[in-house]
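Peer 1: Curious how this folds, go ahead:
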Amino acid sequence: MKKHWRTSILAIHLSLLPIFSMAQTTPQAINSVSEPQTRVEIQDLTWMLGSWTAITEKQIIDEHWALQGQSLMGISRTTEADKSKAVELLFIEKQDQDWIVHLRFFGPAIEKATRGKDEPLRLKVIHADTTELRCEGIGGEIGTTLTYTKLTTNSMRAEIRKVREGKLVWSETYQFQR
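Peer 2: Numbers count the residues shown, from 1 in each chain. As a prediction, this is how the structure comes out:
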C-alpha cells in the first residue's frame, strides 16, 4: 500500500535526494482539521498542465496533466532501473457539489490495478487556486492528504501524507520540474 502512493506522485505521482525529502512533522500538521471548501474553478489549475519529472535516488517519476472541459487528468509513471514500476491515473472532476480526485494505481505494464481495484480511491478537493491544489481523503482514504504547490513556473512540489489515529504514519514529498 505504501509503495503505490510513493511511486505515484505526482502524482497525481501529485508533494527527492537533494530534491527528495521527508516532510517535517509538527503537532499542528498532524492534528489539522479540514478547512471549509472554497469555490473551486478547475481553470485555476492550469499551472499544473504539461509534463513534469521528479528524480529520486532510485526512481524517476514522470507526470503529465491535461485539461479538457471541466475535467483535469493526470497520469504518472514511475521507473526504477530503467523499468516501469508503477502507473497512476488521476481524474479531477465535479461530483454533485464537490470536486473529487479519483485515483487508480497499476503495476508495470498496467496489466492489473494494484490499488483502487474495485473502485478508485477518492479525495475531495478542499482548496484549488493559481498556486495550490489541496485534497483530503474520503471514504477509506480519510486521513490521507495530497497537496500540489506551484513553486515557480517550472517547478512544483507534491506532498502525500497519511494520518491514522492522530499519528503521522507516512509522508513523502516530491519536487517536480518541467
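
Peer 1: Helices along this protein, start to end?
Peer 2: With DSSP state H as the criterion, the chain has helices at 2-8, 27-30.

Peer 1: May I see the buried residues of the lengthiest strand in the chain?
Peer 2: Counting by DSSP state E, the longest strand found in the chain is strand 83-95. Neighbour-count burial for strand 83-95, counted by 16 or more other CB atoms under 10 Å, picks out Lys85, Ala86, Val87, Glu88, Leu89, Leu90, Phe91, Ile92, Glu93. C-beta here means a position set from N, CA and C on the backbone, and glycine is covered the same way.

Peer 1: by contact count, what packs against it?
Peer 2: helix 2-8, strand 71-80, strand 98-106 (3 or more CB pairs under 8 Å, 6 or more residues apart in numbering; DSSP states H and E).

Peer 1: Listing partners with orientation, what would you give for that strand?
Peer 2: When sheet partners are counted by DSSP bridges, strand 83-95 sits next to strand 71-80 (antiparallel), strand 98-106 (antiparallel).

Peer 1: comparing these, which gets the lowest mean pLDDT score?
Peer 2: Out of the strands paired with strand 83-95, strand 98-106 stands lowest, with a mean of 93 (criterion: mean pLDDT).

Peer 1: Many thanks, I have nothing further to ask.
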